[in-house]
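below: sequence and its predicted model.
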Amino acid sequence: MESTVDTLTAVRAAALSLESVSRRYKRRGRGGREATALDAVSCAVPVGSFTAVVGPSGSGKSTFLQCAAGLDRPTSGTVRIGGTDLGSLSEAALTRLRRDRVGFVFQSHALNLVPSLSIEENVVLPLVLAGADPGSATVLDRGRALLTRVGLAGRGSDGPSTLSGGQQQRVAVARALVTEPDVIFADEPTASLDPESAGLVLGLLRDAVRIDGRTVVMVTHDPAAAGWADRVLTMDGGRLR
Ligand SMILES: Nc1ncnc2c1ncn2[C@@H]1O[C@H](COP(=O)(O)OP(=O)(O)OP(=O)(O)O)[C@@H](O)[C@H]1O
């Protein structure tokens with residue numbers, strides 16, 4: 001009984017929770033057989049934690065992230081971000097939740113930033129998309145403060161293409177932080193970086209947790225990257241081990 005109460009308390013206090021989440025895909029040309037990418041996965045990610053999701057290729061890590069972040073809808077089960085059941089949201093409400101309450105850092109720095117915008121404009125883009133005035137002191141100050149934080153003060157008016165891959169990933173982290181989201185999802189954020197640049201990006205994610213109390217969920221196949229996390233979830237065959 002007590003453990004049920006404890007579990008319910010943990011789910012309510014979680015930044016992110018999954019309850020028996022499955023994602024099945026219809027396979028083409030195989031007589032309608034389904035592939036189970038996620039198989040009844042349950043977990044609660046506490047506020048202010050840095051979680052790494054690891055596992056062999058094809059174990060379901062990307063599918064976990066896509067469903068957890070509201071980029072894909074599970075076949076069954078419940079995903080909650082900050083207590084909100086994503087399954088209860090319309091597409092428009094889900095888009096707003098992703099914009100306002102979730103931050104993303106993707107694998108490829110080429111995909112993370114908008115090349116036609118300046119570095120600073122990229123950082124504050126989620127605020128502007130949410131309706132903030134891009135010329136307001138609040139937005140400008142927030143952008144500059146975050147660029148200083150990621151070690152790129154003074155580069156705000158340059159274009160992303162003037163930065164190295166590692167620097168671009170640091171801008172992506174700044175942008176992921178700008179809305180002070182409930183959860184920051186990172187999908188192999190250091191996959192294309194040298195160890196030194198990777199360390200800088202991982203240090204920024206860790207600081208977001210330790211200094212700001214943010215919550216980070218990072219998919220990685222790199223044990224060194226996973227070593228920066230507080231907790232490691234291991235996937236195998238669509239399940240958490
Ligand atoms: N759109 C899809 N259609 C059919 N099957 C899919 C689809 N996406 C994923 N799968 C299958 O689901 C399983 C899990 O895939 P997923 O990409 O989540 O694994 P992963 O652990 O992220 O792999 P990797 O480390 O190689 O990126 C795999 O068997 C994959 O073939």
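Received it, and whenever you're ready, just let me know what you need.

where do the helices sit along the chain?
In the chain, the helices defined using DSSP state H lie at 2-13, 61-68, 91-101, 109-112, 119-129, 137-149, 165-177, 195-210, 223-226.

can you redo these as JSON lines with mean neighbour count?
To be clear about C-beta, it is placed using only N, CA and C from the backbone, and glycine gets the same treatment. As requested, the helices of the chain are exported to JSON lines (neighbours: other C-beta atoms under 10 Å):
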{"stretch": "helix 2-13", "mean neighbour count": "11"}
{"stretch": "helix 61-68", "mean neighbour count": "23"}
{"stretch": "helix 91-101", "mean neighbour count": "15"}
{"stretch": "helix 109-112", "mean neighbour count": "17"}
{"stretch": "helix 119-129", "mean neighbour count": "21"}
{"stretch": "helix 137-149", "mean neighbour count": "17"}
{"stretch": "helix 165-177", "mean neighbour count": "25"}
{"stretch": "helix 195-210", "mean neighbour count": "18"}
{"stretch": "helix 223-226", "mean neighbour count": "17"}
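
ok, what's across the strand from the nearest residue to residue 34 once chain neighbours are set aside?
Spatial nearest neighbour of residue 34, excluding adjacent residues (C-beta to C-beta, 6 or more residues apart in numbering): residue 24 at 4.5 Å. Using DSSP bridges, the beta-bridge partners of residue 24 come out as residue 36.

and the gap between residue 24 and the ligand?
As defined by C-beta to the nearest ligand atom, to the nearest Å, residue 24 lies at a distance of 9 Å from the ligand.

next, count neighbours for that residue.
15 (other C-beta atoms under 10 Å).

residues touching it, list them.
Taking C-beta atoms under 8 Å, 6 or more residues apart in numbering as the criterion, residue 24 is in contact with 34-37, 75.

thinking again about what came up before, now render the helices of the chain as JSON lines, adding mean pLDDT and distance to the ligand.
Shown next, in JSON lines, are the helices of the chain (pLDDT from 0 to 100; distance: least, C-beta to the nearest ligand atom, whole Å):
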{"stretch": "helix 2-13", "mean pLDDT": "61", "distance to the ligand": "23"}
{"stretch": "helix 61-68", "mean pLDDT": "96", "distance to the ligand": "3"}
{"stretch": "helix 91-101", "mean pLDDT": "94", "distance to the ligand": "19"}
{"stretch": "helix 109-112", "mean pLDDT": "74", "distance to the ligand": "15"}
{"stretch": "helix 119-129", "mean pLDDT": "95", "distance to the ligand": "25"}
{"stretch": "helix 137-149", "mean pLDDT": "96", "distance to the ligand": "29"}
{"stretch": "helix 165-177", "mean pLDDT": "95", "distance to the ligand": "18"}
{"stretch": "helix 195-210", "mean pLDDT": "95", "distance to the ligand": "17"}
{"stretch": "helix 223-226", "mean pLDDT": "94", "distance to the ligand": "13"}
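
please consider this matter closed, and thank you.
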